[in-house]
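Chemist: The following comprises the amino acid sequence and a computationally predicted model.
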Amino acid sequence: MDNHRQTSLMLAMLASLLLLFLATPGHVAGSEVLQIRGIPVIKNPLYRPDRDFECLDGSKLIPFTWVNDDYCDCGDGSDEPGTTACANGWFYCDNVGHKQVYIPSSWVNDGVCDCCDTSDEYASRVECVNNCSELGREARLEQQKAEQLAREGNKLRVELAAKGKTMKAEHQSRLAKLRVDYQEAELLKREKEILKTQAEERESVALEKYKPVEPEQQSATEESPGEEEEKLSTPEAEDYFKILDSDSSGTVTVAELQTRATFDKNRDGAVSEEEALYFLTDKKEVTLQEFVDTAWANIKPYLMLEQGMFKAAENKKEADEQQSLDDSDHEKEEDEEGEITDIEEEGTVPEEEQEQEQENEPQEPEVQYDEETQALVDEANNARERFQETVKAINELESEIRQLEEKLERDYGPQEEFASLDGECFEYTDLEYIYKLCLFGKTSQKSKSGGSDVTLGHWYDWVGTAANKYTKMKYDRGLTCWNGPARSTIVTLSCGTENKLISVTEPSRCEYAMEFSTPALCNPSSDTTDKHDEL
């Protein structure tokens, strides 16, 4: 028999003396009962001195004399609630007048007063003061303030919810009307297209007599250089489309272009929405076919520039000077004649040279049509203009329909309380930057010394807890950091009587944290904070 078990037998013989150390007297319903140290009264039935103790995880049955004997017998630490023997144990602080709490067993008798009722330092020499009444009073005052804030904020939340529901109904009504308008616009487009085709046919016949005699045409099987170049560039465009389509959605969006420095036209360190729209031909997003047909023509020169296919420097000296330009937008180079000239942007031709080339180009003589032919040409031009107007109108309808569909599909809270905040922007300024949060849009940063906005993320989704997902927002796919990831932001929401961006930090590189207070979160029915009856 080991020394521990011999000691246990001795303790069993002195049970009455041991209980003085195992327990402290307590009172329930006016009767004196034994209170085991380190557990709440409600767990007393599990710790009965008149029978063996069963570990709370059911793994073992031990003599009750082994409870709180400063030796860990149970795997879950339940036999040592009042000592430091079990590394995974917990000590209960009753803290009458304040909040009951559990602390790690390792904190017991460590010389630091962790329980406001001093019960955790029963065997140490440190002098603790029972300040539970004072702490409880302060906690109750704080809770009353929080409850008052929640009540006031909830009134505003109800108003926001009513406004959000009204907006949703208006969006649904507007969307239904737009869909009808779209169908009518499609019919009108087909009519205008027929008229345009007929007018162009008449124009073509009339212009036949004005066509110059052309040399023998190339054979049908021979392709022109332009067509061959277009065919060769199409696979390249499709491959680059797949690279830009980072979410594999089948479309390339403004947000996806804003993450790539290739499209920073003015080289200010950020790709603005206007710059991205230029490359997408003023569309928020384009399909593969639209990308190949229209956007690729804008994108390809900048891609070639990035890949070094355009060379503005014509010799090594100029190339070295051009490299130094990357570190300073204000450097200049000295030409062969000793004159100082501004370095031209790569891939561009000086304006004077462009004008000279235009002057040298042979000008086609302007053709004068007879009155009847001119009338047919004017008719065709008008038909083309009318057709383009209908195409533009359809594109605008499609854009508005898509925006409304996105709003109606978006989660604005259980009662639409966040709907009216969509598009609202709020700023926060620290010593160096001005931060902006546009709800359900994007987050950005701008230096107080000037420069353009740097996108820190675009709206992604709610990422709060399982109990209440509306406590956190995630904004991702921001501008890519130099040799790092794309910037992202987590916005933590709290109940408040006003919508306000109250703090911004950068806990990790390129990862930002914002705190935002709003009445929209003041919902008592979804309050997940701990409640203590003893308060």
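Modeler: Cool, the structure landed. Numbers count the residues shown, from 1 in each chain.
Chemist: Okay, now the unreliable bits of this protein?
Modeler: Residue ranges of the chain with pLDDT under 70: 1-34, 213-233, 307-367, 525-535.
Chemist: longest helix of it?
Modeler: Ordering each helix of the chain by length in residues (DSSP state H) puts helix 132-207 first.
Chemist: those strands in the stretch 201-350 of the chain, which residues are they?
Modeler: 251-253, 285-287, 332-334, 340-342 (DSSP state E, counting those that start in this stretch).
Chemist: just checking, what packs against the longest helix of the chain?
Modeler: Other helices and strands packing on helix 132-207, by 3 or more Cβ pairs under 8 Å, 6 or more residues apart in numbering; DSSP states H and E, are helix 371-409, strand 488-495. Any C-beta I mention is one placed from the backbone N, CA and C, and that applies to glycine too.
Chemist: buried ones in the shortest one?
Modeler: Of all the residues in strand 488-495, those buried under the rule 16 or more other Cβ atoms under 10 Å are 488-491, 493, 495.
Chemist: Can you tell me the strand partners of whichever strand or helix holds Phe516 and which way each runs?
Modeler: Following DSSP states H and E, one finds Phe516 within strand 511-518. Strand 511-518 has the following strand partners under DSSP bridges: strand 488-495 (parallel), strand 500-508 (antiparallel).
Chemist: quick one: the helices in this protein?
Modeler: Using DSSP H, helices in the chain cover 3-13, 15-22, 132-207, 225-244, 254-257, 273-279, 288-290, 296-306, 316-325, 351-360, 371-409.
Chemist: can you list those in CSV and add mean neighbour count and distance to Ala419?
Modeler: Shown next, in CSV, are the helices of the chain (neighbours: other Cβ atoms under 10 Å; distance: least, Cβ to Cβ, whole Å):
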stretch, mean neighbour count, distance to Ala419
helix 3-13, 12, 67
helix 15-22, 13, 60
helix 132-207, 15, 3
helix 225-244, 13, 31
helix 254-257, 21, 22
helix 273-279, 17, 23
helix 288-290, 14, 31
helix 296-306, 16, 36
helix 316-325, 13, 49
helix 351-360, 10, 50
helix 371-409, 15, 8
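Chemist: quick one: contacts for the spatially closest residue to Ile434 that is not a sequence neighbour?
Modeler: Nearest non-adjacent residue to Ile434, counting by Cβ to Cβ, 6 or more residues apart in numbering: Lys446, 4.8 Å away. Neighbour list for Lys446: 433-436, 452-454 [criterion: Cβ atoms under 8 Å, 6 or more residues apart in numbering].
Chemist: if I look at Cys93, how far off is Glu127?
Modeler: Cys93 is 17 Å from Glu127, where distance means Cβ to Cβ, to the nearest Å.
Chemist: what's across from the closest residue to Tyr433 other than its chain neighbours in the sheet?
Modeler: Nearest residue to Tyr433 in three dimensions, chain neighbours excluded: Gln445, at 5.1 Å (Cβ to Cβ, 6+ apart). When assigned by DSSP bridges, Gln445 has beta-bridge partners Tyr435, Val454.
Chemist: From Ala486, how far off is Gln445?
Modeler: 14 Å.
Chemist: Looking at these two, which one has more neighbours?
Modeler: Taking other Cβ atoms under 10 Å, Gln445 and Ala486 do not tie; Gln445 has more neighbours (22 against 19).
Chemist: Perfect, that will be all.
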